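*Asks:* show me how the following folds:
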Amino acid sequence: MRTVLRSPAFRLLFGGLFASILGESVLLLALAIWMKDITGSNGMAGATLLAVVAPTVFAPLIGWVVDRFRRRPFLVWANIVTALCLAPLLFVRDRDDVWIIYVVAVLYGLSNIAIVSALNGLIKEVVPEELLADANGALQTVRQALRLLGPLVGAGLYTAVGGWVLAVIAAAGFVIAAAAIWAIRVSEVAPGTSQLTWLAEVAAGVRQVAAQPALRRITIGVAGILLLLGFSETLIFAYVDEGLHQPPAFVGVLVTVQSIGGVAGGLLAARVIRRLGEIATAAIGLLTFAPFFLAIAYPSLATALPTIALVGAAFPPLVIALNTLMQRVTPAEVLGRTGAAVEALLSGPQALSIAAGAILVSHVDYRLLFAAIGVSVLTGGIYLWRGRHLSAPHPVTVPVPTEQIVSAATPGPRVDPVDAEQVQ
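*Replies:* Below you'll find the model as predicted:
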């Protein structure tokens, strides 16, 4: 990680994304709390988070739009537009204004897909291939670390001063990210025109996932575990209540412990990827989930805390391995659509499984459900491990030459901002 942070261009990107991730982490949970405070409805509060996830159905179309522009100027404008989309939150006063929160949540969900899709391409432009895992690991580690304090700080600020302050903080984070990305100097080739039909263009990302054996296998494996984790989003409350005999708020303690494990997993992931390859790393991540599901059968605090930390440590390597492999094997011109397709394949089933878990937990013993999840996780881990040969290790054996690292301080071709006519 220290090697990739020596790149001035990546440091600018890292700093800007740190600001936007911080703003996001303090805002998202507070939106649900804000809705609950105004309406008194748990259902409407939960629907706020669902509104953020719902735009995933448009991910392939958003990826197509992303691939029509250069990554750096697109990200500058996307972050500025996201900041502006948060401005209507300043006008929320009472129950008659809850529609504003829902609209902002949907717009934020759309912008998040666009930003993540374009970010995969920009990372590939500013970071040498052998350091992609380090770059993804650094960003995932920051995301996990901010999960420790962001929601708590957001809830506290909302209670103290109201939701409008959180909207301002989050908007400022996106503006800072836009400024940092604008300062990066990187030479990008303008996307060319295609002879394919519109529908074929939109579907190019899905075709890329299907055509690459390694990417196809790791996407199936990670999608499977996220589908299962969707069930556990609801089951964890039964585990805390019926198994650990703790109040619902104790889930927050487990999330904190999980995030601590997540920081450790983010720091170690790049090293494991270089040594074993992306698919083997993802397989080990999946198999690391198993102790938690086994511990469910004999619930106790002595087993809950260390095993939930393992769950936290296992998750970042999955995401980092998937992103690194996708960036490495996908041509830049379809990377936005591929990233959006992967996002849709991962998030869609997970959202459905959250709803299914809420129904099943009322009719089936949570321990039986967790046992079934555990067996499925082991099966998924074995599936990935058997395909580890599809992505070979790629260790960094020599230092990266200085001239290969894109420098923000080195004069170079400057990319013009997105043409106003193109945006329209």
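*Asks:* contacts for stretch 378-394 next, please.
*Replies:* Here stretch 378-394 makes contact (CB atoms under 8 Å, 6 or more residues apart in numbering) with 129-130, 213-214, 217-218, 220-221, 224-225, 273-280, 282-284, 286-287, 289-290, 325. All C-beta spots, glycine's among them, are computed from the backbone N, C-alpha and C.
*Asks:* mean confidence score for it?
*Replies:* Here stretch 378-394 scores 87 as its mean pLDDT.
*Asks:* re the thing from before, inside helices: which ones of the contacts of stretch 378-394?
*Replies:* Mapping the contacts of stretch 378-394 onto helices (DSSP state H) picks out 213-214, 217-218, 220-221, 224-225, 273-276, 278-280, 282-284, 286-287, 290, 325.
*Asks:* helix/strand/coil for F69?
*Replies:* coil (DSSP: H, G, I helix; E, B strand; the rest coil).
*Asks:* might one say that L27 is in contact with V165?
*Replies:* No: under the criterion of CB atoms under 8 Å, L27 makes no contact with V165, lying 10.3 Å away.
*Asks:* counting neighbours, go ahead and name the busier of the two.
*Replies:* L27 (26 against 16; other CB atoms under 10 Å).
*Asks:* for V423, give me the pLDDT.
*Replies:* For V423, the model assigns a pLDDT of 33.
*Asks:* no no, T197
*Replies:* 61.
*Asks:* same question, V415
*Replies:* pLDDT recorded at V415 is 38.
*Asks:* and I218, by the same measure?
*Replies:* Note on I218: pLDDT of 92.
*Asks:* state the number of residues packed around it.
*Replies:* Neighbourhood size, I218 [other CB under 10 Å]: 28.
*Asks:* likewise S300?
*Replies:* Neighbour count for S300, taken as other CB under 10 Å: 10.
*Asks:* residues touching the residue nearest to it when sequence neighbours are not counted, list them.
*Replies:* For S300, ignoring the flanking residues on the chain, the nearest one in space by CB to CB, 6 or more residues apart in numbering is L244 at 7.3 Å. Counting by CB under 8 Å, 6+ apart, L244 touches 250, 299-301, 304.
*Asks:* check R143 too.
*Replies:* For R143, the contacting residues are 21, 266, by CB under 8 Å, 6+ apart.
*Asks:* from L22, how far off is it?
*Replies:* Distance, R143 to L22, by CB to CB, to the nearest Å: 10 Å.
*Asks:* mind giving me the domain split of this protein?
*Replies:* Annotated domains of the chain cover 1-189, 201-395 [automatic domain parsing].
*Asks:* host element of the residue nearest to G221 when sequence neighbours are not counted?
*Replies:* Leaving aside its sequence neighbours, G221 sits nearest to L384 (CB to CB, 6+ apart; 4.3 Å). According to DSSP states H and E, L384 maps onto helix 366-386.
*Asks:* for stretch 117-131, what is the distance to the chain centroid?
*Replies:* In terms of CA atoms, centre = their mean, to the nearest Å, the gap separating the centre of stretch 117-131 from the centre of its chain is 16 Å.
*Asks:* next: stretch 300-308.
*Replies:* On CA atoms, centre = their mean, the centre of stretch 300-308 falls 26 Å from that of its chain.
*Asks:* need the CA coordinates for it. PDB is fine.
*Replies:* Extracted in PDB, the C-alpha atoms of stretch 300-308 (Å, rounded to 0.1, in the frame of the first residue of the first chain):
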ATOM      1  CA  SER A 300     -22.100 -17.100  23.000                       C
ATOM      2  CA  LEU A 301     -20.200 -13.900  23.300                       C
ATOM      3  CA  ALA A 302     -17.000 -15.900  23.600                       C
ATOM      4  CA  THR A 303     -17.500 -17.100  20.000                       C
ATOM      5  CA  ALA A 304     -19.600 -14.300  18.600                       C
ATOM      6  CA  LEU A 305     -16.900 -11.500  18.800                       C
ATOM      7  CA  PRO A 306     -13.900 -13.300  17.300                       C
ATOM      8  CA  THR A 307     -15.900 -15.000  14.500                       C
ATOM      9  CA  ILE A 308     -17.700 -11.800  13.500                       C
END
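*Asks:* R386: neighbour count?
*Replies:* By the criterion of other CB under 10 Å, R386 has 12 neighbours.
*Asks:* what of H363?
*Replies:* The burial count for H363: 7, using other CB under 10 Å.
*Asks:* secondary structure class for it?
*Replies:* Quick answer, by three-state DSSP: H363 is coil.
*Asks:* with L369 as the reference, measure out to it.
*Replies:* From H363 over to L369 (counting by CB to CB), the distance is 10 Å.
*Asks:* check I123 too.
*Replies:* I123 is 37 Å from L369, by CB to CB.
*Asks:* show me which helix runs longest in the protein.
*Replies:* Longest helix in the chain, counting by DSSP H: helix 8-39.
*Asks:* just the CA trace of the helix or strand that that helix is followed by, in PDB.
*Replies:* Where DSSP H and E defines the elements, the next helix or strand beyond helix 8-39 is helix 42-53. Output in PDB follows, covering the C-alpha atoms of helix 42-53 (Å, rounded to 0.1, in the frame of the first residue of the first chain):
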ATOM      1  CA  ASN A  42     -39.900   1.900  10.700                       C
ATOM      2  CA  GLY A  43     -41.100   0.800   7.300                       C
ATOM      3  CA  MET A  44     -40.600   4.300   5.700                       C
ATOM      4  CA  ALA A  45     -37.200   4.500   7.400                       C
ATOM      5  CA  GLY A  46     -36.200   1.200   5.900                       C
ATOM      6  CA  ALA A  47     -37.600   2.200   2.500                       C
ATOM      7  CA  THR A  48     -35.100   5.100   2.500                       C
ATOM      8  CA  LEU A  49     -32.200   2.700   2.300                       C
ATOM      9  CA  LEU A  50     -34.000   0.600  -0.300                       C
ATOM     10  CA  ALA A  51     -34.400   3.800  -2.400                       C
ATOM     11  CA  VAL A  52     -30.600   4.100  -2.500                       C
ATOM     12  CA  VAL A  53     -30.300   0.500  -3.700                       C
END
